[in-house]
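Chemist: Here you go, sequence then predicted model.
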Amino acid sequence: MHKKTTKYQTQVAAATLVLFTLFLSSCGFALRGDYLLSPQLQTLHLSSADKFGELTRQVKQHLTINKIKLLAQATENIPQLKLSKDSLNRRTLSVFPNGQVAEYELIYTVRYQLVLSKSDVRSFVFELNRDYQDDPNIALAKSRELELMLSEMRKEAANKILRDLSTIKI
């Protein structure tokens with residue numbers, strides 16, 4: 001009797017796993033980081049105001065991981081992804097009693113264009129916001145924390161660009 005119960009439980013578990021997998025695949029679920037771009041965007045030319053910047057490097061890496069062919073030269077019939085200069089601004093959120101800034105809101109702005117043809121240019125702008133607490137007593141550690149935060153924001157921006165591209169239907 002014990003063998004039948006385990007065999008039955010194994011069959012139920014296997015059937016449940018198959019049904020769950022079918023349900024996820026039928027609803028369009030995909031793991032993050034795996035973007036399905038339209039066939040016309042499978043080959044792109046990437047240009048940037050900051051060719052060696054971290055955002056450009058992150059976008060190139062994401063495109064390569066997603067098997068997007070990147071051309072070295074722009075051609076008329078190939079879409080172009082043009083990254084404009086990204087910018088970081090900060091806004092004071094709170095101050096210490098002595099007047100020094102205690103907390104900032106970091107505002108990372110990214111602008112880019114997708115040029116499909118001379119007459120079809122799509123522009124995009126988005127912002128990412130983070131709160132950053134400053135402490136002048138540990139300035140070196142806080143500057144490293146700020147660098148890490150900016151790096152994470154650039155990674156998130158690259159993900160956002162690819163998510164935006166995956167929603168474009170041509």
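Modeler: Everything's here; your move.
Chemist: quick check: longest helix of this structure.
Modeler: Determined from DSSP state H, the single longest helix within the chain is helix 139-167.
Chemist: So in this structure, which strand runs the longest?
Modeler: strand 101-115 (DSSP state E).
Chemist: That one: what's the following helix or strand?
Modeler: The C-terminal neighbour of strand 101-115 among helices and strands, as given by DSSP states H and E, is strand 121-133.
Chemist: Now do that following strand: distance to the chain's middle.
Modeler: 11 Å (C-alpha atoms, centre = their mean, to the nearest Å).
Chemist: Check which helices and strands that strand sits against.
Modeler: strand 101-115, helix 139-167 (3 or more C-beta pairs under 8 Å, 6 or more residues apart in numbering; DSSP states H and E). Yep, even glycine has a C-beta here, placed from its N, CA and C like the rest.
Chemist: could I get the ones you listed as CSV with mean neighbour count and distance to residue 94?
Modeler: Converted to CSV, the helices and strands packed on strand 121-133 look like this (neighbours: other C-beta atoms under 10 Å; distance: least, C-beta to C-beta, whole Å):
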stretch, mean neighbour count, distance to residue 94
strand 101-115, 17, 4
helix 139-167, 15, 15
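Chemist: on that earlier part again, packing partners for the longest strand of the chain?
Modeler: strand 80-83, strand 87-95, strand 121-133, helix 139-167.
Chemist: quick one: average pLDDT of that strand?
Modeler: Mean pLDDT, computed over strand 101-115, is 93.
Chemist: okay, it in PDB with CA atoms only?
Modeler: Taking C-alpha atoms only, strand 101-115 is exported to PDB below (Å, rounded to 0.1, in the frame of the first residue of the first chain):
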ATOM      1  CA  VAL A 101      22.300  68.300   3.600                       C
ATOM      2  CA  ALA A 102      21.200  65.100   5.200                       C
ATOM      3  CA  GLU A 103      19.200  63.500   2.400                       C
ATOM      4  CA  TYR A 104      19.000  63.900  -1.400                       C
ATOM      5  CA  GLU A 105      16.700  62.600  -4.000                       C
ATOM      6  CA  LEU A 106      18.800  61.400  -7.000                       C
ATOM      7  CA  ILE A 107      17.000  61.900 -10.300                       C
ATOM      8  CA  TYR A 108      18.600  60.000 -13.200                       C
ATOM      9  CA  THR A 109      17.200  61.000 -16.500                       C
ATOM     10  CA  VAL A 110      17.700  59.000 -19.700                       C
ATOM     11  CA  ARG A 111      16.800  60.200 -23.200                       C
ATOM     12  CA  TYR A 112      17.000  58.000 -26.300                       C
ATOM     13  CA  GLN A 113      15.600  57.700 -29.800                       C
ATOM     14  CA  LEU A 114      14.700  54.800 -32.000                       C
ATOM     15  CA  VAL A 115      15.100  55.800 -35.600                       C
END
